[in-house]
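Participant: next one to model:
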Amino acid sequence: MPHRTTPLHPTTDNAPPAAAGDPWYTTDELARLLKLDPSTLRRWRTARPSQGPPFVRLSGRVVLYSAADVRQWLAERRTVPGQAA
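Facilitator: Here you go, the predicted structure:
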């Protein structure tokens, strides 16, 4: 499967759930984009309560992440030094 090059730039808008044309990433693809080990995403998914970006489980082995959900998840965790929390 070719590596997707769609960047995941955080936005400040409240992005709606992924539309039909938005890209979807597998665990391995998202891990590469976020510079994480895929096991980190798997651990986040299985934590109780679950952590990490929202995901869709299509089957026991197939999990997808929408780019829009990941952008929103990243934006919610953004810290700007010097700004009050």
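Participant: low pLDDT regions in the chain?
Facilitator: 1-20, 85 (pLDDT under 70).
Participant: centroid residue for it?
Facilitator: Among the residues of the chain, residue 70 comes closest to the average C-alpha position under CA atoms, centre = their mean, at 3.2 Å.
Participant: now that one, nearest residue through space, not along the chain?
Facilitator: residue 53 (4.7 Å; CB to CB, 6 or more residues apart in numbering). The C-beta positions use only the backbone N, C-alpha and C, and glycine is treated the same way.
Participant: if we can go back for a sec, name the helices or strands packed onto the helix or strand harbouring the residue nearest to the centre of the chain?
Facilitator: Element membership for residue 70, per DSSP states H and E: helix 67-76. The elements that helix 67-76 packs onto, with contact taken as 3 or more CB pairs under 8 Å, 6 or more residues apart in numbering; DSSP states H and E, are strand 24-26.
Participant: mind listing what's buried in the strand it packs on?
Facilitator: 24, 25, 26 (16 or more other CB atoms under 10 Å).
Participant: in CSV, list those residues along with distance to residue 60.
Facilitator: As requested, the buried residues of strand 24-26 are exported to CSV (distance: CB to CB, whole Å):
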residue, distance to residue 60
24, 18
25, 18
26, 14
